[in-house]
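below: sequence and its predicted model.
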Amino acid sequence: MKILAIETSCDDTGISVLEVFGKDKFKVLSNIVSSQIEIHKKYGGVFPTMAKREHQKNSVPVLKEALSEAGLLSSVKTQNKINLEKLEKILEKEPELLKKVVVFLKKYKKPEVDFIAVTNGPGLEPCLWVGVNFARALSYIWNIPIIPVNHIESHILVNCFKNKNILLPALALVVSGGHTQLILIKKIGSYKIIGETRDDAAGECFDKAAKILKLDYPGGPVISKLAEKSLADSMSQFLPRPMINTKDYDFSFSGLKTAILYHHQKQKKSIQKNKQYIADMCAEIQQSIVDVLIKKTIQAGKDYNIKTIILGGGVSANHELKTQLFIKIKQEMPNVDFLFPENDLSTDNGLMVAISGFYNKKNTVAWKLIQADGNLRIGKK
Ligand code: KG4
Ligand code: ZN
């Protein structure tokens with residue numbers, strides 16, 4: 001069985017082809033990601049209308065590369081006939097994509113894939129629609145069923161790439177640019193959000209902090225790299241750890257962002273540019289976020305007697321978060337398994353959509369029925 005997967009929920013256009021042998025043996029045929037970082041850098045964050053335009057530009061080239069690498073791209077001798085009117089209707093909000101899709105569909109054979117999996121939420125809605133409408137167009141022309149995929153679930157299930165037998169119940173900490181959620185997993189497909197951020201997401205806090213310090217976007221990787229140069233004493237906590245002692249599993253990072261801003265504004269101009277000061281700031285920002293994430297995760301893990309802790313989302317690429325959480329789990333819950341993705345599978349990509357599609361292959365929908373939903377929620381609170 002082969003799954004073609006499309007991810008456009010934020011600023012990465014990701015397309016992957018996954019082959020599944022037997023019950024659940026995965027072989028990645030391709031996993032191509034086209035990042036828009038260079039474009040959004042100027043704004044210090046993702047600019048949704050520009051991101052939508054970029055997805056329209058990139059989707060067909062990324063698809064071609066993904067199919068070609070998978071050995072599934074072959075051109076036809078005489079051009080395919082397609083129902084242009086119908087395609088125009090499906091892609092009426094994506095005119096740039098339409099042009100490229102028409103050329104592509106006329107030129108290439110239907111690839112041997114069984115399903116098209118696509119992220120339909122949560123995320124930036126204009127961006128989600130590009131992927132969803134692209135999937136609808138391909139599904140209509142090729143007559144291949146669509147599997148809608150929840151972005152948060154795919155950040156969790158990407159961990160099944162290496163670990164098929166997750167001991168349950170499990171607890172997932174999904175930390176990305178748009179989400180910070182603690183999710184209880186009774187079985188794959190059955191989720192309950194037990195805590196989440198009340199304002200900014202952890203990744204958003206990294207990104208906004210970087211902007212305050214005049215560092216590049218995305219802030220997470222930049223801050224964690226600069227933090228390595230810090231000489232600050234780990235005991236000198238000058239930033240708050242918001243909500244660290246509350247009994248719930250919720251988070252709040254917007255106050256931390258404000259505290260970072262005030263602390264920075266209080267420094268003299270010469271200090272603000274000092275490399276050592278920046279490195280120490282970065283270390284403290286990272287540590288305050290990591291401290292809160294770890295405290296709440298361990299607390300929830302103990303309260304719910306869970307057997308596995310799963311990390312996912314862009315912030316799960318953070319080395320300190322992974323190492324410190326690993327150490328804490330070993331100290332306080334030695335029998336609990338800890339799963340986290342490889343760095344390139346932490347941030348948005350097509351393979352996580354394909355894997356999630358595989359576990360949801362019974363939930364196919366007709367191309368006419370799939371909708372994008374920027375606020376789609378995993379399970380129910
Ligand atoms: O999951 P993702 O690729 O996109 C969303 O679904 O939002 O996550 C992107 C977020 C950004 O906020 C970025 O700053 C953060 O992940 N991030 C990191 C690291 N790498 C990416 N945060 C901390 N440390 C990192 N190494
Ligand atoms: Zn994501």
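Happy to help now that I have it. The model shown is predicted, which means the values in this text are computed figures rather than measured ones. Ligands and ions are numbered 1, 2, ... in the order given.

how about the secondary structure of the residue of the chain most remote from its centre?
No residue in the chain sits farther from the centre than Thr78, which is 39.7 Å out by Cα atoms, centre = their mean. Per DSSP: H, G, I helix; E, B strand; the rest coil, the local secondary structure of Thr78 is coil.

which positions in the stretch 201-350 of the chain make contact with ligand 1?
Residues of the stretch 201-350 of the chain that fall close to ligand 1, judged by Cβ under 6 Å from any ligand atom: 203, 206-207, 218-221, 224, 313-315, 317-318, 347-348. C-beta here means a position set from N, CA and C on the backbone, and glycine is covered the same way.

quick one on the thing from earlier: and the residue farthest from the centre of the chain, how far from Lys106?
Relative to Lys106, Thr78 is positioned 10 Å away (criterion: Cβ to Cβ, to the nearest Å).

likewise Val17?
Using Cβ to Cβ, Val17 is found at 21 Å from Lys106.

again, but for Ile90
From Ile90 over to Lys106 the distance is 16 Å, taken as Cβ to Cβ.

equivalent analysis for Lys266, please.
The span separating Lys266 from Lys106 equals 62 Å under the rule Cβ to Cβ.

go on, Gln299?
Between Gln299 and Lys106 the distance is 57 Å, computed by Cβ to Cβ.

ranges for the strands of the chain?
The residue ranges that make up the strands of the chain, judged by DSSP state E, are 2-7, 12-21, 25-35, 115-121, 146-150, 170-175, 180-187, 190-196, 308-312, 337-339.

format those strands as a markdown table; extra columns: mean pLDDT, mean neighbour count and distance to ligand 2.
A markdown table is the format used below for those (pLDDT from 0 to 100; neighbours: other Cβ atoms under 10 Å; distance: least, Cβ to the ion, whole Å):
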| stretch | mean pLDDT | mean neighbour count | distance to ligand 2 |
| --- | --- | --- | --- |
| strand 2-7 | 99 | 28 | 8 |
| strand 12-21 | 98 | 24 | 8 |
| strand 25-35 | 98 | 17 | 12 |
| strand 115-121 | 98 | 27 | 9 |
| strand 146-150 | 98 | 25 | 11 |
| strand 170-175 | 98 | 28 | 8 |
| strand 180-187 | 97 | 22 | 11 |
| strand 190-196 | 98 | 18 | 15 |
| strand 308-312 | 98 | 25 | 8 |
| strand 337-339 | 98 | 17 | 17 |
